[in-house]
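Q: Have a look; sequence and predicted model below, questions after that.
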Amino acid sequence: MKLYSYWRSTAAYRVRIALNMKQLDYDYEAVHLVKEGGEHLHDKYKSLNPQSLVPALEVQGGQILTQSLAIIDYLEQMYPTVSLYPSDAIEKAQAKAMALSIACDIHPLNNLRVLKYLKSQSWQQEQVDKWYAHWIHTGFTAIEKQLTNSAGQFCFANTVTVADIFLVAQVYNANRFNVPLDDYPLIEKINNYCLTQQVFIDAIPENQPDCDA
């Protein structure tokens, strides 16, 4: 397998954690999102992923998979020994819902291309920062409440699930933009515990080969 990734991409971070959880070897192909106008916008990469987004995962037969949750669900189906979902059907749906709330309701509104567009429309940095923080707080407020009913060491009791994978990557993003997270003690507790686990440590952006490339 080959993972097309950018060290600081939140979505690519999720897939790296999942690959580590599954104990799968993969080749790392860096796609720089800033250098040379963004390598993800070049024809070479667009021929692999017309959406011009990372990550993309090349699997058996040269097939290209895109979108982090779709990639993770593929890995779950193909390599089920270490599961990324709770065994209980209700909790499985709740874990996926939490991941989707991050992937669909928080992250897209704060993605690099959205922030760049806001700046292109003459938004000042202070306005962009408020926009970013607003959607983090809106999403994390809801997740914090949900976690009161499910959390243990991780989002769902004491086993890593897809919810933890998405949460850790989004907390990293929020910290990067200096959004205070004091109002979310459960989120911070889970994030901090996850970051003591080697599968998470190995996926940290700063531990990637293209960090600051």
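A: That came through fine.
Q: Gln77: how many residues sit nearby?
A: For Gln77, the count of nearby residues is 8 (other Cβ atoms under 10 Å). Where you see a C-beta, it was placed from the backbone N, CA and C, and this is true even at glycine.
Q: what about the helices in this protein?
A: Assigned by DSSP state H, the chain shows helices spanning 10-21, 43-46, 68-78, 89-100, 112-120, 125-147, 162-176, 185-194, 198-201.
Q: Tell me the helices and strands packed up against the longest one.
A: If I follow you right, that is helix 125-147. helix 89-100, helix 112-120, helix 162-176, helix 185-194 (3 or more Cβ pairs under 8 Å, 6 or more residues apart in numbering; DSSP states H and E).
Q: angle of it against helix 89-100?
A: On the basis of axes from the mean of the first three to the mean of the last three Cα atoms, to 10 degrees, helix 125-147 is oriented at 170 degrees to helix 89-100.
Q: Counting by contacts, list what the lowest-mean-pLDDT helix or strand in the chain packs against.
A: Lowest by mean pLDDT, DSSP states H and E among the helices and strands of the chain is helix 112-120, with a mean of 91. Contacts defined by 3+ Cβ pairs under 8 Å, 6+ apart place helix 112-120 against helix 125-147.
Q: quick one: the helix it packs on to helix 162-176, angle?
A: Going by the same axes, to 10 degrees, helix 125-147 makes 150 degrees with helix 162-176.
Q: can you pull the buried residues of helix 125-147?
A: Across helix 125-147, burial judged by 16 or more other Cβ atoms under 10 Å covers 128, 131-133, 135-137, 139-140, 143-144, 146-147.
Q: Convert that helix to PDB, retaining C-alpha atoms only.
A: Taking C-alpha atoms only, helix 125-147 is exported to PDB below (Å, rounded to 0.1, in the frame of the first residue of the first chain):
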ATOM      1  CA  GLN A 125      -6.900  37.200  10.100                       C
ATOM      2  CA  GLU A 126      -8.800  38.000  13.300                       C
ATOM      3  CA  GLN A 127     -12.100  37.300  11.400                       C
ATOM      4  CA  VAL A 128     -10.700  34.000  10.100                       C
ATOM      5  CA  ASP A 129      -9.600  33.000  13.500                       C
ATOM      6  CA  LYS A 130     -13.100  33.700  15.000                       C
ATOM      7  CA  TRP A 131     -14.600  31.600  12.200                       C
ATOM      8  CA  TYR A 132     -12.300  28.700  12.900                       C
ATOM      9  CA  ALA A 133     -12.900  28.800  16.700                       C
ATOM     10  CA  HIS A 134     -16.700  29.100  16.300                       C
ATOM     11  CA  TRP A 135     -16.900  25.800  14.500                       C
ATOM     12  CA  ILE A 136     -14.500  24.100  16.900                       C
ATOM     13  CA  HIS A 137     -16.500  25.200  19.900                       C
ATOM     14  CA  THR A 138     -19.900  24.300  18.300                       C
ATOM     15  CA  GLY A 139     -18.700  20.800  17.500                       C
ATOM     16  CA  PHE A 140     -16.700  20.100  20.600                       C
ATOM     17  CA  THR A 141     -19.500  21.300  22.900                       C
ATOM     18  CA  ALA A 142     -21.800  18.600  21.500                       C
ATOM     19  CA  ILE A 143     -19.100  15.900  21.500                       C
ATOM     20  CA  GLU A 144     -18.200  16.700  25.200                       C
ATOM     21  CA  LYS A 145     -21.800  16.200  26.200                       C
ATOM     22  CA  GLN A 146     -21.900  12.900  24.200                       C
ATOM     23  CA  LEU A 147     -18.800  11.700  25.900                       C
END
